[in-house]
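Undergrad: dropping the sequence and predicted coords here.
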Amino acid sequence: MRSLARSLAVEGAIVTTEAKAREIRPFIEKLITIGKKGGVSSLRLLTARLGGKFGVKALSERAKNDFAKRSGGYTRIFKLGRRTSDGSAMAKIEFVK
């Protein structure tokens with residue numbers, strides 16, 4: 001969960017299975033809400049939740065700049081179809097612009 005959240009914070013969009021995208025959505029949206037508050041305590045909490053400093057700055061900057069006036073619904077999920085190797089349902093999760 002942490003590595004998917006870090007990748008999404010840095011890249012802005014990731015392609016994963018549909019089940020993982022549905023699981024990561026509430027996790028990352030709570031982190032964005034924390035990041036919108038700003039301050040040292042928010043950065044420390046984000047660092048603890050993401051498991052390191054990688055991606056914390058990107059997430060907090062995105063939260064402050066892009067989502068300052070937005071009260072929720074920071075991400076969206078697009079269904080992409082099935083993977084050819086094993087037939088898993090794939091999805092793209094990205095931040096709303």
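TA: Perfect, thanks for sending it. Numbering: from 1, shown residues only.
Undergrad: show me the contacts for the nearest residue to residue 67 once chain neighbours are set aside.
TA: Nearest residue to residue 67, sequence neighbours excluded (CB to CB, 6 or more residues apart in numbering): residue 74, at 5.5 Å. For glycine as for every other residue, the C-beta is placed from the backbone atoms N, C-alpha and C. If you count contacts by CB atoms under 8 Å, 6 or more residues apart in numbering, residue 74 has them with 28-29, 32, 67, 95-96.
Undergrad: in strands only, show me those residues.
TA: Per DSSP state E, strands hold the following members of the contacts of residue 74: residue 95.
Undergrad: and the buried ones among the contacts of residue 74, selectable in ChimeraX?
TA: Entered in ChimeraX, the line below selects the buried ones among the contacts of residue 74, by 16 or more other CB atoms under 10 Å:
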select :28,32,67,95
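Undergrad: which one of the contacts of residue 74 is nearest to residue 88?
TA: Nearest to residue 88 among the contacts of residue 74: residue 28, at 20.8 Å, using CB to CB.
Undergrad: the closest one touches residue 8, doesn't it?
TA: Yes - applying CB atoms under 8 Å, one finds residue 28 in contact with residue 8, separated by 5.8 Å.
Undergrad: please identify the buried residues of the helix or strand bottoming out on mean pLDDT in the chain?
TA: Least confident helix or strand of the chain, by mean pLDDT, DSSP states H and E, is helix 56-66 with a mean of 91. For helix 56-66, the neighbour count (16+ other CB under 10 Å) marks 56, 58-60, 62-63, 66 as buried.
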